[in-house]
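A.B. asks: make a model of this:
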Amino acid sequence: MSAPATIPVFAHAIVSRDERGVYTLCIHDAKSLNILASAVTLSLTEAARWVAAQPDARGVILRGSGERALVGGANIYEMADLDPQGAREFITRLRDLCDAVADIPVPTIARIAGFCLGAGMELAAACDIRLASEDAVFGMPEVRVGIPSVIHADWLLLTGETIDAGQALQWGYVEFVSERDELDALVEKTVAPIAASGPRAVRSQKALLRYWSTSTVQAGLDRSVAAFGEAFTTDEPRRYMAPFVARRQHKESR
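C.D. replies: Numbers count the residues shown, from 1 in each chain. Below is the predicted model of the structure:
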């Protein structure tokens, strides 16, 4: 495999990579609550698309700068001056960001500490897995400032109220909740088996999950059969199965 590409400098995103090929996409220079102004949104979209194109990527962690928020919402001061055309362009940029994150071909994990509001909930929803600190706060306050949103959470959308991490876990928005000082350990516990698995298999499985969500049962089964066969066009399945086979043979020989 060729050497990993040099990571570009992005205006409002810091991208890092560890030796496993796990990338971290950190929102940068977006005020203390990681507010999504248009410049921030465009920069994050560029960064997400760059990460998506890296062949060595095994997983991606999305996080905010600091511990106060993943994203505290979109920039209300920018929105206050929008006309109808500008409003459509503004929300399209946010949608493009969510699409860019959703289109990353490896598993994505949203690390949620502090506030996750409005566009932040939509961005986290674009990730495959959401992990939150117990003091995280979730909400869709757009209705309180006179605009609708696009996330499917009726109570949050219609009331503009917030919920805590426990409620978000109960409602199925987040997968796991931890104490604040244990959040990074939870993220690592989640990403480690992903990074240790066969990279082609993981990418194929994520693609299948996305396909299943929009296809018929029969089409999904057909695609799964094809993907299973395609997996054996390389030696990856045999390499990853070899240790299991060896352990089994060792036990049987004793």
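
A.B. asks: what comes up buried for whatever helix or strand Ala195 lives in?
C.D. replies: For Ala195, the element it lies in under DSSP states H and E is helix 183-196. Under the neighbour-count criterion of 16 or more other Cβ atoms under 10 Å, helix 183-196 has 183-184, 186-187, 190-191, 194-195 buried. No exception for glycine: its C-beta is placed from N, CA and C like everyone else's.

A.B. asks: quick one: mean pLDDT for it?
C.D. replies: Computed over helix 183-196, the mean pLDDT rounds to 98.

A.B. asks: counting contacts, what elements does that helix pack onto?
C.D. replies: When contacts are defined as 3 or more Cβ pairs under 8 Å, 6 or more residues apart in numbering; DSSP states H and E, helix 183-196 sits against strand 59-63, strand 108-112, strand 129-133, strand 176-178.

A.B. asks: sorry, back to before: could you save the buried residues of helix 183-196 as JSON lines and add columns showing distance to Ile129?
C.D. replies: Below are these laid out as JSON lines (distance: Cβ to Cβ, whole Å):
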{"residue": "Leu183", "distance to Ile129": "13"}
{"residue": "Asp184", "distance to Ile129": "15"}
{"residue": "Leu186", "distance to Ile129": "10"}
{"residue": "Val187", "distance to Ile129": "9"}
{"residue": "Thr190", "distance to Ile129": "6"}
{"residue": "Val191", "distance to Ile129": "9"}
{"residue": "Ile194", "distance to Ile129": "9"}
{"residue": "Ala195", "distance to Ile129": "13"}
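
A.B. asks: for the stretch 1-150 of the chain, give me the ranges with low pLDDT.
C.D. replies: Along the stretch 1-150 of the chain, the parts satisfying pLDDT under 70 run over 1-2, 142-150.

A.B. asks: can you rerun that using 80?
C.D. replies: Along the stretch 1-150 of the chain, segments meeting pLDDT under 80 span 1-3, 141-150.

A.B. asks: give me the domain ranges for the protein.
C.D. replies: 13-196, 199-253 (automatic domain parsing).

A.B. asks: what is the burial count for Ile91?
C.D. replies: Applying other Cβ atoms under 10 Å, we find 18 residues neighbouring Ile91.

A.B. asks: what's the angle between the helix or strand hosting it and strand 108-112?
C.D. replies: In this assignment (DSSP H and E), Ile91 forms part of helix 84-102. Angle between the axes of helix 84-102 and strand 108-112 is 110 degrees (criterion: axes from the mean of the first three to the mean of the last three Cα atoms, to 10 degrees).

A.B. asks: would you mind listing the buried residues in helix 84-102?
C.D. replies: Neighbour-count burial for helix 84-102, counted by 16+ other Cβ under 10 Å, picks out 90-91, 93-98, 100-102.

A.B. asks: now render those as CSV, adding distance to Ser38.
C.D. replies: Shown next, in CSV, are the buried residues of helix 84-102 (distance: Cβ to Cβ, whole Å):
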residue, distance to Ser38
Phe90, 6
Ile91, 11
Arg93, 6
Leu94, 9
Arg95, 13
Asp96, 11
Leu97, 10
Cys98, 15
Ala100, 15
Val101, 17
Ala102, 20
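
A.B. asks: ok so, going back, could you export the helices and strands packed on helix 183-196 as a markdown table, including distance to Leu157 and mean neighbour count?
C.D. replies: Shown next, in a markdown table, are the helices and strands packed on helix 183-196 (distance: least, Cβ to Cβ, whole Å; neighbours: other Cβ atoms under 10 Å):
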| stretch | distance to Leu157 | mean neighbour count |
| --- | --- | --- |
| strand 59-63 | 22 | 25 |
| strand 108-112 | 19 | 26 |
| strand 129-133 | 18 | 25 |
| strand 176-178 | 22 | 18 |
